[in-house]
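In: Sharing a sequence plus its predicted fold:
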Amino acid sequence: MKMKDICATERPREKMLGKGAAALSEAELLAVLLRSGTREIGVVDLANRLLVLAEGSLVKLFSMSYADMKAVSGIGPEKACSVMAACELGRRFLEEEARVSKTPLTTARRVYELMIPSMKGMDHEELWVLFLNKNNRLLGKECLSSGGMDTTVIDNRMVMQACLQRGATSILLVHNHPSGDPKPSHDDIKRTEALRKACSAFGVGLLDHVIVSDDCFWSFADDRLYGA
């Protein structure tokens, strides 16, 4: 349906101005970002095609690249960049919200809540280190490794170097399992123990290794699986 065929007050932009963004469907919100359709289809239909490509999942939409989006006829660089920029703003908003609390990072759930905004929906593994002071407050975090679908590398020397540079007294290790199952593999267990020994040699505490998936996580410290 072309925009001219939609009642003026029900067009996405006018509807947003009149009723607020919360009144719009996901397709209508995307239509506001896309701004226009093509000669063949209207902007709302174009937005729906993009959602179909994402299988109706905002998680998958957030992780789409330009190469993914251009599979939809009518999505070029300008439209793709608008959607990708909005998704990145949303991701950073969640990260900022997670950082607001000054509560010490003493539980695996707090670690999960801090990291899941930037790791949710990933199709590859990433390894992050959270650097803490003596009160277990966050000094900073750093991605030290980005791997394939089912593997990432823990470079103990790199972790120790980064830790000493930041003056951290303890660290938390976080990585994701794109498969959806956060239970540790044999290699995860072996590498975690090797890092724990390296930390001990430098007087640094490895408080936990949290493996996250989209809706659950595993804590080495608690040796158990949690639901989100």
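Out: Nice, I can see it.
In: The helix or strand bottoming out on mean pLDDT in the chain - contacts with which helices or strands?
Out: Of all regular secondary-structure elements in the chain, judged by mean pLDDT, DSSP states H and E, the least confident is helix 77-100 with a mean of 81. The contact analysis (3 or more C-beta pairs under 8 Å, 6 or more residues apart in numbering; DSSP states H and E) places helix 77-100 against helix 26-34, helix 58-62, helix 66-69, helix 108-119. The way it works is simple: take the backbone N, C-alpha and C, and place the C-beta from them, glycine included.
In: how far off helix 26-34 does it point, in degrees?
Out: Here helix 77-100 runs at 110 degrees with respect to helix 26-34, directions being taken by axes from the mean of the first three to the mean of the last three C-alpha atoms, to 10 degrees.
In: For this protein, which segments count as strands?
Out: All strands of the chain, identified by DSSP state E, fall at 126-132, 138-146, 170-176, 205-213, 216-219, 224-227.
In: Least confident of the ones you listed, on average?
Out: The weakest mean pLDDT among these belongs to strand 138-146, with a mean of 87.
In: Neighbouring strands of it in the sheet, and parallel or not?
Out: Listed by DSSP bridges, the sheet partners of strand 138-146 and their directions read strand 126-132 (antiparallel).
In: a markdown table please, covering the helices and strands packed on helix 77-100 and showing mean pLDDT and distance to residue 85.
Out: Conversion of the helices and strands packed on helix 77-100 to a markdown table gives the following (pLDDT from 0 to 100; distance: least, C-beta to C-beta, whole Å):
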| stretch | mean pLDDT | distance to residue 85 |
| --- | --- | --- |
| helix 26-34 | 93 | 9 |
| helix 58-62 | 87 | 12 |
| helix 66-69 | 92 | 11 |
| helix 108-119 | 91 | 16 |
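In: Can you say which of these is nearest to residue 84?
Out: Between residue 84 and the helices and strands packed on helix 77-100, the shortest separation by C-beta to C-beta is 7.0 Å, and it involves helix 66-69.
In: Just the residues contacting the closest one, thanks.
Out: 50, 53, 75, 77, 79-81, 83-84 (C-beta atoms under 8 Å, 6 or more residues apart in numbering).
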